[in-house]
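>>> From the sequence below, what's the structure:
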Amino acid sequence: MEFIIILLVGLIIGSFLNVCIDRIPRGECIVYPPSHCEYCGTRLKLLNLIPVISFCLLRGKCRYCQATLSRRYPGIELLTGLSFLFVYFFTLWGMKLLPYLTLTSILLVISFIDLDCFRIPNSIIITGLLLGIGFNTFFPFIYWFDALIGFMTGGGILFLIALASRGGMGGGDIKLGAMIGFYLGWQQVLLAIFMGALFASIVSVFLIIGKKKSQKDAIPFGPFLSLGTLISIIFGKNIISWYVTRFF
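Numbers count the residues shown, from 1 in each chain. The predicted structure follows:
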């Protein structure tokens with residue numbers, strides 16, 4: 001029953017994340033006006049907003065104008081639900097659950113905005129950092145020293161990479177690394193950056209081989225850093241423990 005509840009919460013949150021992904025890059029309010037069809041502008045009723053189910057029942061079309069809707073909407077809802085399940089399975093009802101679910105939601109929004117627009121809005125980074133500070137003030141989930149060191153480590157490493165690559169790393173990525181470091185601490189943010197860079201390199205090689213991208217084309221790093229962060233949240237302690245035991 002707990003897993004079903006977490007999945008349902010994730011699906012509902014995923015529906016809200018779709019709104020954030022659509023509206024934040026355009027500078028629009030995420031709560032007003034209420035959800036409406038992007039083609040005909042008709043306000044959607046509650047029955048049209050049931051995550052995944054409404055999309056399937058309506059066969060991916062608007063109930064009012066029959067315009068074809070993007071499959072990304074139910075995709076993000078499912079991705080959020082499954083991500084929540086994984087985080088819950090490895091975190092359970094501990095003090096870190098709510099902060100980690102919040103961070104997961106923020107990373108999903110950042111990933112898709114970065115894919116669409118090649119930028120990471122400052123407003124999302126600031127919101128995520130303020131929420132992290134709020135959580136740690138009232139429901140401590142990480143030592144403040146570890147959070148601050150993680151903040152400086154995550155932002156500092158990516159800042160050095162940006163200097164070394166002469167602009168190959170964007171300012172948004174640096175701020176994102178700092179925010180992630182606040183939630184994870186220095187050890188896990190190092191793992192998140194390493195895993196993100198690894199996946200980015202692998203995907204880049206395949207895109208270049210497939211002639212989808214050239215070596216000069218920019219590839220958004222936000223989604224890969226977010227993936228690395230999720231891996232660090234779920235498997236970080238085990239990976240770090242294995243590494244220390246194996247090499248030290």
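>>> distance between stretch 7-20 and the chain's centre?
For stretch 7-20, the separation from the chain centroid amounts to 12 Å (computed by C-alpha atoms, centre = their mean, to the nearest Å).
>>> Would you indicate which residues of that stretch are buried?
Neighbour-count burial for stretch 7-20 flags 7, 9-20 (criterion: 16 or more other C-beta atoms under 10 Å). Backbone N, C-alpha and C define where each C-beta goes, glycine included.
>>> swap in stretch 137-144?
Buried residues in stretch 137-144, counted by 16+ other C-beta under 10 Å: 141-142.
>>> neighbouring contacts of it?
For stretch 137-144, the external contacting residues (C-beta atoms under 8 Å, 6 or more residues apart in numbering) are 94-96, 98-99, 135-136, 150, 183-185.
>>> Relative to residue 79, how far out is the residue nearest to the spatial centre of the chain?
Computing the C-alpha centroid of the chain and ranking residues by C-alpha atoms, centre = their mean puts residue 107 first, at 1.6 Å. Residue 107 sits 11 Å away from residue 79, going by C-beta to C-beta, to the nearest Å.
>>> overlap in contacts of these two?
By C-beta under 8 Å, 6+ apart, no residue touches both residue 107 and residue 79.
>>> residues of the host helix or strand of residue 158 that come out buried?
Using DSSP states H and E, residue 158 falls within helix 144-165. Residues of helix 144-165 classed as buried by neighbour count (16+ other C-beta under 10 Å): 146-147, 149-159, 161-162.
>>> again, but for stretch 92-108
Those buried within stretch 92-108 under the rule 16+ other C-beta under 10 Å are 96-97, 99-108.
>>> repeat for stretch 198-211
Buried positions in stretch 198-211, judged by neighbour count with 16+ other C-beta under 10 Å: 199-200, 204.
>>> Filter those down to just the ones in helices.
Within these, residues falling in helices by DSSP state H are 199-200, 204.
>>> Considering those, which is situated nearest to residue 129?
residue 200 (23.3 Å; C-beta to C-beta).
>>> which regions of the protein lie under the pLDDT threshold?
93, 167 (pLDDT under 70).
>>> Got the domain ranges for this protein?
1-78, 94-248 (automatic domain parsing).
>>> longest helix anywhere in the protein?
Longest helix in the chain, counting by DSSP H: helix 222-247.
>>> what's that one packed up against?
Judged by 3 or more C-beta pairs under 8 Å, 6 or more residues apart in numbering; DSSP states H and E, helix 222-247 is in contact with helix 72-91, helix 97-117, helix 171-184, helix 186-209.
>>> picking up where we left off before, can you list the buried residues of stretch 7-20 in CSV and add secondary structure?
Below are those laid out as CSV (DSSP: H, G, I helix; E, B strand; the rest coil):
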residue, secondary structure
7, helix
9, helix
10, helix
11, helix
12, helix
13, helix
14, helix
15, helix
16, helix
17, helix
18, helix
19, helix
20, helix
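>>> so which of these comes closest to residue 31?
residue 19 (8.4 Å).
>>> you'd agree residue 240 is up against residue 189?
No: taking contacts as C-beta atoms under 8 Å, residue 240 lies outside contact range of residue 189: 11.4 Å.
>>> which one of these two has more residues nearby?
Using other C-beta atoms under 10 Å as the criterion, residue 240 and residue 189 rank with residue 189 on top: 31 against 15.
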